[in-house]
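In: Okay, structure incoming, though there's no sequence with it:
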């Protein structure tokens, strides 16, 4: 990057970033000094809004690429995906940290965020989510640590993490399976409030499945941006593999969605002229378009078309989650919830922070470097040593 | 002590709002005409009289037998006491507001204007009941429309009233089966839907909906761990075998 003097050159996106940070700082002041009433459009009728619906429910899902790729490479041993494991883990780690930041805004008493760790209620889905997210963020910190340790050339610690890598990855997959699905289970308790287009006993299954789907879409998304920003091209065979998987997952999700609606007899509601039906079709369209396009070889072979398909899947996913958390609950609540500007600004500032941190990490840490080969060698040495000792 | 319950009989209510006043002073909340005119539960009003023409109803926490708030709270800030009241321990609460989303009766209110807010809801005067007193609202009611007593006796009385004057009531004891049953029973001359009450609630307690799913957690951990470990072993074993064969083949070629 060209630097003029001490200050970095002010580009358009840096300007956007600075404006968002300034607005975000003011919104943060309003939130913490004047309370949730002044900073949100939430009410007793509508206690959860954008910060839970987008920042938490979408944030956790968008970070799901971390556990799927770690599993694909380290457990299923599909070495083709090796080059994108690190960026996926970086995305996941930043994603979870930002989810926690967003929670600090949304919780009425954020300084008590640690309470579920000692004040147990095992009957609560929220309790389970709290524990899993805490543990998984720790796992992600450890999975991410080699990237920092390599930079610091701290080889003893690096070796220790590599030895523990496989159990960590397995633990990460289990924890992710649990809380990705549990985010859906949160809404099982409101059969009388959530619209039948979204309320189904299969909510946990859908949340888990859509997380797998969007985790993959985000991997394609960030690969494309990284290749633009750092001038590195991904192998065509790798991208094609991801595209094929994404096509299958998206289509399967849609088929499951419609089968469930038909089975529950709720499909007719999609054809009534209601706000819910419009938002339902928006969600379906965002997913169906890439679902169909990605089955064409020409689309899969074209990185830009693939990128646009991934973006559509991300939009479809976000619409689905916001429909569960906002659209589907409005009519039972009797009020219309539209987020206040402070809610929107905090959300955008958190997203911007995510992009900036990813970029900084990718620039200063060995996220994309061939050091992955070294890691691989290290892991194998460690495992072989273990096996030899075991024999 | 036996489990307590509240009976509110809309046909005996004259809409004087003495219960609202007594409730506000019990909680130390300001009560004036403006508060009185707001017929909805809020941080300022933990019970309210509802008016529809000549008919009255009352809203307050229903003190469910198997409360949804108790089940969903991640820090166990709600507790169903053996005395009947569902109480809230503020010092545990982190303010996630899942109780507000989950409550089938739309009861918990939040202090949206406070910098350090808490949830507000009726606690059926737990402390007064511990010392053998009736709730503040029952004590204040001039007509006996609100009455506190042992749950069994209160329920028997509600049934008796319906049996004696069937024409006077719409025939429903609200709270008998709603969301698995409650410790507050409402009688009314007109259907309670007219006051905005949900009359379509399931008769099964809601917590079972999430308990069923949470029961899978140990299975996911156990089966997932074994499965993933097995897959790891399989996929890497193939590689190790290939590597070993490659080495011995090399040796053979050299030898």
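Out: Everything's here; your move. Just so we're clear, the structure is a prediction, and the values are computed from it rather than from any experiment.
In: tell me which element residue 233 falls in.
Out: Using chain A here. Taking DSSP states H and E as the definition, one finds residue A:233 inside no helix or strand.
In: my question was about chain B
Out: Judged by DSSP H and E, residue B:233 forms part of helix B:217-254.
In: Give the buried residues for that helix.
Out: In terms of neighbour count (16 or more other C-beta atoms under 10 Å in any protein chain shown), helix B:217-254 has its buried residues at B:224, B:228, B:232, B:236. (Each C-beta comes from the backbone N, C-alpha and C, glycine too.)
In: what's the nearest residue to the residue in the stretch 151-255 of chain B that chain A sits nearest to if we skip its chain neighbours?
Out: Shortest the stretch 151-255 of chain B-to-chain A distance, computed as C-beta to the nearest C-beta: residue-wise this is residue B:235, at 3.6 Å. The shortest distance from residue B:235 to any non-neighbouring residue, by C-beta to C-beta, 6 or more residues apart in numbering or on different chains, is to residue A:77 (3.6 Å).
In: Let me know the pLDDT of the one you found.
Out: According to the model's per-residue confidence, residue A:77 sits at a pLDDT of 92.
In: Would you agree it is in contact with residue B:242?
Out: No. Using C-beta atoms under 8 Å, residue A:77 and residue B:242 do not qualify as a contacting pair, with a distance of 11.5 Å.
In: how many other residues sit next to residue B:94?
Out: 23 (other C-beta atoms under 10 Å in any protein chain shown).
In: List the contacts of the residue nearest to residue B:235.
Out: Counting by C-beta atoms under 8 Å, 6 or more residues apart in numbering or on different chains, residue A:77 touches B:232, B:235, B:236, B:238, B:239.
In: And for residue A:50?
Out: Contacts of residue A:50 by C-beta under 8 Å, 6+ apart are A:326, A:339, A:343, A:344, A:347.
In: switch to 6 Å and redo it
Out: Under the criterion of C-beta atoms under 6 Å, 6 or more residues apart in numbering or on different chains, the contact list for residue A:50 reads A:339, A:343, A:347.
In: and if you look at residue A:337?
Out: Residues counted as contacts of residue A:337 (C-beta under 6 Å, 6+ apart) are A:46, A:49.
In: gap between it and residue A:261?
Out: Per C-beta to C-beta, to the nearest Å, residue A:337 is found 24 Å from residue A:261.
In: Likewise for residue A:103?
Out: Relative to residue A:261, residue A:103 is positioned 32 Å away (criterion: C-beta to C-beta).
In: and what of residue A:188?
Out: Relative to residue A:261, and taking C-beta to C-beta, residue A:188 is found at 17 Å.
In: okay, the two: which has more neighbours?
Out: Each of residue A:188 and residue A:261 has its neighbours counted (other C-beta under 10 Å); residue A:188 has more, 25 against 19.
In: Which residue, neighbours along the chain excluded, lies closest to that one?
Out: Using C-beta to C-beta, 6+ apart and skipping residues adjacent in sequence, the residue nearest residue A:188 is residue B:209, 4.6 Å away.
In: What helices and strands are in contact with the helix holding residue B:233?
Out: In this structure, helix B:217-254 makes packing contacts with helix A:155-185, judged by 3 or more C-beta pairs under 6 Å, 6 or more residues apart in numbering or on different chains; DSSP states H and E.
In: In terms of secondary structure, what does the helix it packs on contact?
Out: In this structure, helix A:155-185 makes packing contacts with helix A:65-70, helix A:125-152, helix A:203-230, helix A:371-390, helix B:217-254, judged by 3+ C-beta pairs under 6 Å, 6+ apart.
In: tell me which residues of it are tucked away?
Out: For helix A:155-185, burial by neighbour count (16+ other C-beta under 10 Å) applies to A:158-159, A:161-163, A:165-166, A:168-185.
In: Same check on stretch A:200-210?
Out: Of the residues in stretch A:200-210, those with enough neighbours to count as buried (16+ other C-beta under 10 Å) are A:200, A:202, A:203, A:204, A:206, A:207, A:208, A:209, A:210.
In: shaky segments in chain A?
Out: Chain A contains residues with pLDDT under 70 at A:1-6, A:369-391.
In: Grab the most central residue of it for me.
Out: residue A:62 (1.8 Å; C-alpha atoms, centre = their mean).
In: Which residue, other than its chain neighbours, is closest to that residue?
Out: Skipping the residues right next to it in sequence, residue A:62 comes nearest to residue A:218 by C-beta to C-beta, 6+ apart, at 5.4 Å.
In: pretty sure the one you found is touching residue A:61, no?
Out: No. Using C-beta atoms under 6 Å, residue A:218 is not in contact with residue A:61; the gap is 8.9 Å.
In: Next, count neighbours for residue A:255.
Out: As a burial measure, residue A:255 scores 11 neighbours (other C-beta under 10 Å).
In: buried sites along the one helix or strand it maps to?
Out: Using DSSP H and E, the element containing residue A:255 is helix A:236-263. By neighbour count with 16+ other C-beta under 10 Å, helix A:236-263 contains the buried residues A:239, A:241-243, A:245-247, A:249-251, A:253-254, A:257, A:260-261.
In: and those near chain B, which?
Out: Among these, no residue is within reach of chain B (C-beta under 6 Å from any C-beta of the partner chain).
In: Could you pull up phi and psi at residue B:6?
Out: Residue B:6 has phi and psi values of phi -110, psi 140 when expressed as degrees, to the nearest 10.
In: if you skip the residues just before and after it, what's nearest to residue 238?
Out: Because you didn't say which chain, this covers chain A. If the residues on either side of it in the chain are set aside, residue A:238 comes closest to residue A:80, at 5.6 Å by C-beta to C-beta, 6+ apart.
In: Not quite, go with chain B.
Out: By the measure of C-beta to C-beta, 6+ apart, the closest residue to residue B:238 outside its immediate chain neighbours is residue A:77, 8.0 Å from it.
In: I'd say the residue nearest to the centre of chain A and residue A:219 touch.
Out: No. Residue A:62 is not in contact with residue A:219 according to C-beta under 6 Å; the separation is 10.5 Å.
In: Since that was my last question, I'll sign off now.
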